[in-house]
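In: Let's see this in three dimensions:
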Amino acid sequence: SEAKVSASQTVEEPLDLIKLSLDERIFVKCRGGRVLRGRLHAFDTHLNMVLGKVTEEITIVEIDEDTYEENVRVEKRTMELLFVRGDTVVLVSPPLRTV
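Out: Predicted coordinates for the structure are as follows:
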């Protein structure tokens, strides 16, 4: 079935949704507790992507050897341009659209 995005744009295949997000800010969840937010400049069928003005958050969970408690911390950094290899991508969320 076909999901309508606007009068002139339709989503028939999964990559169509990514194509509609070109030059917009997207949310990308990757393996290893890594989350990216950035402007989508390019992508291919393997979900390799080039993102601009990227904010990266990495969630690190460490176990205290004495108490066995989980210590969770989040490291953040920003980059002007980033190549994301498609096989690390778990989820891609396009920008919120209102009808």
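
In: For A42, see how far away L15 is.
Out: Here L15 is placed at a distance of 13 Å from A42 (CB to CB, to the nearest Å). Quick note: C-beta positions are derived from backbone N, CA and C, even for glycine.

In: And for I58?
Out: With distances taken as CB to CB, I58 is found 23 Å from A42.

In: So which of these two has more stuff around it?
Out: Between I58 and A42, counted using other CB atoms under 10 Å, I58 has the larger neighbour count: 15 against 12.

In: per-residue confidence at the closest residue in space to R85 that isn't next to it in sequence?
Out: Spatial nearest neighbour of R85, excluding adjacent residues (CB to CB, 6 or more residues apart in numbering): N48 at 5.9 Å. pLDDT for N48: 97.

In: show me what contacts N48?
Out: F83, V84, R85, G86 (CB atoms under 8 Å, 6 or more residues apart in numbering).

In: Next: C30.
Out: Contact partners of C30, counting by CB under 8 Å, 6+ apart, are L36, V84, T88, V89, V90.
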